[in-house]
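Trainee: Take this sequence and fold it.
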Amino acid sequence: MPWPRLALRPFATVHSHLIVARPPNPPLLASAPRPLDRLVLETLAGTPSAGRTALPQLLQQYLERSGNVLDAQLPYEPHPSPSRRVSFSADSGGCVRLIAHVVREGDRSKITVSSGFAVDTSDGQSVLVTCAHTLEEIRWSPLLVLPKEPQASLLAAPPDLSDVRSSGSFVLSAIDSAFTAHPIASVLSSLHRSDIMLLSPFPMRVPLRSLPISPYPVPAGTPIRAHFVSETKPKEEGWQPWISCTWSKWVQGTVVGYRDFAGREAVPGTYDTLSHMLFRPLPTTGSSGGPIVDENTGAVVGVMLGTRMDSTIEGVRGWGVPAETIFEMFSLPGVNNSK
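Mentor: As a prediction, the model looks like this:
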C-alpha cells in the first residue's frame, strides 16, 4: 500500500518568547516518510488497539494528573556506585530512549519525538521521565481535535478506531543493536511549568535500565555530559548509530547557571527557586527530554528541554530543568501521602 503523505517534521524543541517568530516554511511536496517516521507508523500499525492507549486518553491523563505526587519514592543518588553511575562509552546510549507520539487518520499523520530515560522507583514500577512539549505539540493537531458538531458518521464512533483514526505513544529502544518498541500505558504525572512528565509503559519482559538521579543542583561551571540526538550523521567524530537511522553522542558541556520562574538569575544554596538550568553547548533537536549528567559523579543532574535566548549579549544557550524537579512528582522519605 502507498505510504501516507507526510510533510518533513523537525523534532520539537523549546524556543524563547524573545526570539522573533520565523516566517513559515514553504509548502513541501508529498514524499515518502523518513526512516524514523516510517518506523513509528509501522509500530503503530503493528500494535493492536487493545495493546496501546490512545492519545486522547493520554492527553486527558496529562491534564488531570498535573502536579500528581506518586506514592512511590525516588532514591537519592548524588554519588551512585560504580555499577549505577552513567557510563559515557559508545554503547551506553541504550540507557536513553526515544519517546514517539503518533496519530494517523487515512493518509494523514502527525508524529512528534523526544528523548527520555527511566528512573528507579521504590515500588519497582517502570517510570520514564521525558519532556512534555512534544505531547503538547501533537495535542493541538487537527487530527486529534474533533469538530464541535461531529458529522453523523462519527457520532457513534470513539475518537480512536482502526478504520477511522489510530494513535498512541511508544518508547523506542536499541539494546545490543536490537530494536524494541513498547506502547505507553499512562501518564502518571506532569509539571506543566517545568515541561516534564512521567510515563508508564505497558508491562515489559525486561525492565528498563534506570539512571541515578541527584536531588542536589550542581554549581555553575560543573562539567557535564548530555545525550544528544541527530537524525542524520553529523560530521563531528564520536557519533554512534542509535535507533533506526538516528545517531547519538554523549557531548561534553558546562552548566552556565539557573533561572527562577520569573526568568531572574538564581543561585544554588540560597532561597532562590531553581526552576530552570542553563548549559552549553546547544542541544540538538530531538535531545529534549534527555538526561544531563554530572561528568564527575555519573548522576543525572538535569533534563534537557531545548534552547533559550535571554538577551543578545548572552546569546542562545541550552535550556533545561534541574533534576531536583523530578522529585516533586514522587513522595519524600518519611512522608505518608495516603488519603
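Trainee: hey, let's count contacts and neighbours off CA atoms from now on
Mentor: OK.
Trainee: what's the span of stretch 197-215 from first residue to last?
Mentor: 17 Å (Cα to Cα, to the nearest Å).
Trainee: Return the set of buried residues in that stretch.
Mentor: By neighbour count on 16 or more other Cα atoms under 10 Å, the buried set for stretch 197-215 is 197-202, 208, 210-215.
Trainee: I'd like the mean pLDDT over that stretch, please.
Mentor: Mean pLDDT, stretch 197-215: 90.
Trainee: and it, how far from the chain's centre?
Mentor: A distance of 13 Å separates the centroid of the chain from that of stretch 197-215, by Cα atoms, centre = their mean, to the nearest Å.
Trainee: And stretch 33-51, by the same measure?
Mentor: Its chain's C-alpha centre and that of stretch 33-51 lie 18 Å apart, by Cα atoms, centre = their mean.
Trainee: Same check on stretch 113-124?
Mentor: 11 Å.
Trainee: just stretch 62-79 next, same as before
Mentor: Worked out by Cα atoms, centre = their mean, stretch 62-79 lies 16 Å from the chain centre.
Trainee: quick one on the thing from earlier: restricted to strands, list the buried residues of stretch 197-215.
Mentor: Among those, DSSP state E puts Met197, Leu198, Leu199, Ser200, Pro201 in strands.
Trainee: Which one of the buried residues of stretch 197-215 is nearest to Thr180?
Mentor: Thr180 lies nearest to Leu208 out of the buried residues of stretch 197-215, by Cα to Cα, at 11.3 Å.
Trainee: That closest one contacts Ala118, doesn't it?
Mentor: Yes: here Leu208 reaches Ala118: they are 6.4 Å apart, a contact under Cα atoms under 8 Å.
Trainee: shared neighbours of those two, anything?
Mentor: Taking Cα atoms under 8 Å, 6 or more residues apart in numbering as the contact rule, Leu208 and Ala118 both touch Cys95, Ser126.
Trainee: how close does Ala50 sit to Arg97?
Mentor: Going from Ala50 to Arg97 by Cα to Cα gives 23 Å.
Trainee: Compare the two (neighbour count), which wins?
Mentor: Arg97 (26 against 7; other Cα atoms under 10 Å).
Trainee: If that one is in a bridge, with which residues?
Mentor: Beta bridges link Arg97 to Gly116 when assigned by DSSP bridges.
Trainee: still on that earlier bit, out of the ones in strands among the buried residues of stretch 197-215, who's nearest Pro75?
Mentor: Nearest to Pro75 out of these is Leu198 (Cα to Cα; 15.8 Å).
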